[in-house]
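**Student:** Sequence unavailable; structure follows:
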C-alpha cells in the first residue's frame, strides 16, 4: 500500500493518462461532455490508484476506465463462439502485456498517420520503416492487425502488420485522429493525394488531455470500375458518387435497414459489457504501470 504522500505523487504523475479521449466513451459511461474533465479524471484515477471499490461481498473490484474499449480493442476476444477459448484468451493477454512491456504500442485509430519500424535481415541497416495512413484494423488477441497505406512513386503500397509481431521494433503515431468511417478501404479507389504522405513526416505535437479529433474530410473517388460497390455501404467519408439512378435503386433493394434494430444480431457481434469490464480489470493495473513508467522516462529524457 502506498502512503498518503506517495499516493499524491503517484496521482500527480499519471493524472494525464486517464483523460476521456473519446466522446463515445463518455456517453457509454453515463457521463456528458459538459462535465468537467477534472472531476472525471479524479474519479477514474481514485478508483485506479487505490483499487478500493468494494462489491456487495466485500471483495475488491478493479474498475478500468470506460475508454479502454476504444484504446485497447484487441484485448477483447472474438465474439464468435466457435473461436472462443477462455484459457487461450487468458494466456494471450499475458503474452500481450509482456510484449507491451518491451515496446510501446501507442493509441491509434483508423485514419491515424503512423510509422512502423520492422527488423529486416535483407536491409542494409537491418531495419525497414514504412509510413502511411491506417485504413483498417481488426483481429483480437495476438492475431490483432492493422493496415497502413501510402502512395510511393505514384504507386499505392499497403502493408499489413501484426500488432504483436516480435519483428516490430517501433510503432509511432505521427498524427492521432479518426475518420468518419471505421474502414478506409475506399482509399484504394480514391485519388492518390488522399493517400500520399511524405516518408520523412515528423510527428505532430499533441496535448495528452485533448480529445481525439475526428477528421471530417470527404474523399473523391476515381471513376468506375471500383474494387467494391461503395454506394451500397452507407459511407460518410466519400463525396457524392454521381452514379446513374439504377445503381442507387439496386443498392436500396439489397439494403438491410432493419438490422440496426436486431438486438440479438448486435449482441452476437459484440462482447457483453460485463465481460468487457472483467477482461479490462485484469489488465488494467499492468497497463497503468507501463504508461506511468514510460511517462517518467520521457520526463527524464526531456530534463536531460
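**Tutor:** Yep, that arrived. It should be emphasised that the depicted structure is a prediction, and the values quoted were computed from it without experimental measurement.
**Student:** Residue ranges in the chain under the pLDDT threshold?
**Tutor:** 1-62, 208-209 (pLDDT under 70).
**Student:** what's the domain layout of it?
**Tutor:** By the assignment in the TED database, the chain contains the domains 63-102+256-299, 107-242.
**Student:** export these to JSON lines and tack on distance to residue 250 and mean neighbour count?
**Tutor:** No exception for glycine: its C-beta is placed from N, CA and C like everyone else's. Converted to JSON lines, the domains of the chain look like this (distance: least, CB to CB, whole Å; neighbours: other CB atoms under 10 Å):
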{"stretch": "domain 63-102+256-299", "distance to residue 250": "14", "mean neighbour count": "14"}
{"stretch": "domain 107-242", "distance to residue 250": "8", "mean neighbour count": "15"}
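**Student:** Redo those as TSV? Include distance to residue 248.
**Tutor:** Formatted as TSV, the domains of the chain follow (distance: least, CB to CB, whole Å):
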stretch	distance to residue 248
domain 63-102+256-299	14
domain 107-242	7
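**Student:** what are the ranges of the helices in the stretch 151-300 of the chain?
**Tutor:** 245-254, 263-269, 273-303 (DSSP state H, counting those that start in this stretch).
**Student:** Can you check which of the ones you listed gets nearest to residue 136?
**Tutor:** Each of those has some distance to residue 136 by CB to CB; the shortest is helix 263-269, at 16.9 Å.
**Student:** Output the contacting helices and strands for that closest one.
**Tutor:** Judged by 3 or more CB pairs under 8 Å, 6 or more residues apart in numbering; DSSP states H and E, helix 263-269 is in contact with no other helix or strand.
**Student:** What sits closest to residue 166 if chain neighbours are left out?
**Tutor:** Leaving out its chain neighbours, the residue that sits closest to residue 166 by CB to CB, 6 or more residues apart in numbering is residue 99, at 7.6 Å.
**Student:** Just say helix, strand or coil for that neighbour.
**Tutor:** The three-state assignment at residue 99 reads helix, by DSSP: H, G, I helix; E, B strand; the rest coil.
**Student:** now the strands for the stretch 101-250 of the chain?
**Tutor:** Remark: strands assigned in the stretch 101-250 of the chain by DSSP state E, counting those that start in this stretch are 113-119, 127-138, 145-152, 155-162, 168-175.
**Student:** Compute the inter-axis angle for the fourth one and strand 113-119.
**Tutor:** Counting by axes from the mean of the first three to the mean of the last three CA atoms, to 10 degrees, strand 155-162 lies at 70 degrees to strand 113-119.
**Student:** which residues touch strand 155-162?
**Tutor:** Strand 155-162 is contacted from outside by 116, 118, 130, 132, 135, 142-151, 168, 188, 192, 195, using CB atoms under 8 Å, 6 or more residues apart in numbering.
**Student:** Next: the last one.
**Tutor:** By CB under 8 Å, 6+ apart, the surrounding residues in contact with strand 168-175 are 103-108, 112-119, 127, 131, 161-162, 201-204.
**Student:** ok, now stretch 118-135?
**Tutor:** 108-117, 146-150, 157-159, 161, 165, 167-169, 174, 183-185, 187, 195, 197-199, 201.
**Student:** change it to 6 Å
**Tutor:** 110, 112-117, 146-150, 159, 167-169, 184-185, 187, 199 (CB atoms under 6 Å, 6 or more residues apart in numbering).
**Student:** just stretch 249-259 next, same as before
**Tutor:** Under CB under 6 Å, 6+ apart, the answer for stretch 249-259 is 231-232, 265.
**Student:** Just give me the closest of those to residue 93.
**Tutor:** Among those, and counting by CB to CB, the member closest to residue 93 is residue 265, at 27.2 Å.
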